[in-house]
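A.B. asks: how does the following fold in three dimensions:
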Amino acid sequence: MKPILVIMAAGMGSRYGGLKQIDPVDEEGDKIIDFSLYDARRAGFEKAVFIIKKENEEIFRECISARVEGFMEVEYAYQQLDDIPQGFTVPEGRVKPWGTAHAVYAARNAVKGAPFAVINADDYYGVEAFAKLYDFLSTHEDDEKYRYAMVGYRLGNTLTENGSVSRGCCSSNEEGYLTDIVERTKIIKTEDGAAFSEDGGETFTPISPDTIVSMNLWGFTPSILKELEGALEGFFREKLPTNPEKAECYLPMEVDRLLKEGKATVNVLSSSDKWFGVTYKEDKPYVEASIRALKEKGVYPKNLWKS
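C.D. replies: Here you go, the predicted model:
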């Protein structure tokens, strides 16, 4: 089965201040996700599955599906608070989604047994990343272990001047396999490079800007979905009670668990492209300038979806 592109787009972007996934970044009305879809299509992906909130479906169909119709098949999956393991209930006052592991699990019926890539809707990944990931998914399958992949980026190329970010900080061995992921939920840019906090910003520890980080650009076989089902059961049983309103089940941490258990390998694919995104509204001018420069260089046509 041909690889499918799965796009996590259920977050409302609280730090950004709105539904940033559909906010245009150029004069032609293109969103960041348009560029990811365009790069994915020319890499070989023919189907995209958007993970969204049900109440946002109409606007996604108007702003996304209508533009790419004729170029890619688009399907929607819904990340819902009540889509939880049997025997558990939603805590009172909970409005926050359950995290990236739950988001990918929400796409289980749309994937239908195919290998798939996972991306964020509001991140720009670059041409090379999609080409490498499609090639991997087309040529690898599970054997005695799950065979997954990720595209890694240099931490220094993923920071913003406008606040803190969350990153999965990665280590790999000489063979290029991922060995460890540590989720850092508060990383800032500093004069010397970067630093992270584990106490809500009270203190910071320096971290090398050359650290390879995950930007949630993953390649999976369908085996990940069964593993995420079990992970969510463990999350609801053990972790959620400690922070009922805000605890999340992170995809990188579940991948790290599979590595530690010896169930999976993850090839770290490098990309020379620069990542950028709009975590905060103040990031938008930089993104707009970057997109304009890419179009001027001919990386993208002026009008992406004109046949």
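A.B. asks: and the helix or strand residue 254 falls within, how far from the chain's centre?
C.D. replies: In this assignment (DSSP states H and E), residue 254 forms part of helix 251-260. Averaging C-alpha positions (Cα atoms, centre = their mean, to the nearest Å) puts helix 251-260 15 Å from its chain's average.
A.B. asks: which other residues reach that helix?
C.D. replies: When contacts are defined by Cβ atoms under 8 Å, 6 or more residues apart in numbering, helix 251-260 is touched by residues 99-101, 103-104, 118, 146, 148, 150, 168, 178-183, 214, 216, 218, 227-228, 231, 264-266. The C-beta positions use only the backbone N, C-alpha and C, and glycine is treated the same way.
A.B. asks: next: stretch 56-74.
C.D. replies: Identification of contacts with stretch 56-74 by Cβ under 8 Å, 6+ apart yields 9, 19, 21-22, 31, 33-34, 37, 40-41, 45-50, 52, 76, 78, 304-305, 307.
A.B. asks: contacts only, for residue 112.
C.D. replies: The neighbours of residue 112, taking Cβ under 8 Å, 6+ apart as the test, are residue 1.
A.B. asks: re the thing from before, are any of the contacts of stretch 56-74 buried, and which?
C.D. replies: For the contacts of stretch 56-74, a burial check counting by 16 or more other Cβ atoms under 10 Å picks out 9, 19, 21-22, 31, 33-34, 37, 40-41, 45, 47-50, 52, 76, 78, 304-305.
A.B. asks: filter these down to just the ones in strands.
C.D. replies: Among these, the ones falling in strands (DSSP state E) are 47, 48, 49, 50, 52, 76, 78.
A.B. asks: so the nearest residue in space to residue 161 that is not next to it in sequence bridges to which residues?
C.D. replies: Distance criterion Cβ to Cβ, 6 or more residues apart in numbering; nearest residue to residue 161, sequence neighbours excluded, is residue 189 at 6.2 Å. Counting by DSSP bridges, residue 189 forms beta bridges with residue 194.
A.B. asks: partner residues bridging residue 168?
C.D. replies: Taking DSSP bridges as the rule, residue 168 bridges to residue 183, residue 214.
A.B. asks: ok, it to residue 283 distance?
C.D. replies: Going from residue 168 to residue 283 by Cβ to Cβ, to the nearest Å gives 20 Å.
A.B. asks: those two: who's more crowded?
C.D. replies: Ranked by neighbour count (other Cβ atoms under 10 Å), residue 168 and residue 283 place residue 168 first, with 25 against 20.
A.B. asks: how about the nearest residue to residue 266, chain neighbours excluded?
C.D. replies: residue 178 is the one closest to residue 266 (Cβ to Cβ, 6+ apart), at 3.8 Å.
A.B. asks: surely that neighbour forms part of a strand?
C.D. replies: Yes - the assignment for residue 178 is a strand, going by DSSP: H, G, I helix; E, B strand; the rest coil.
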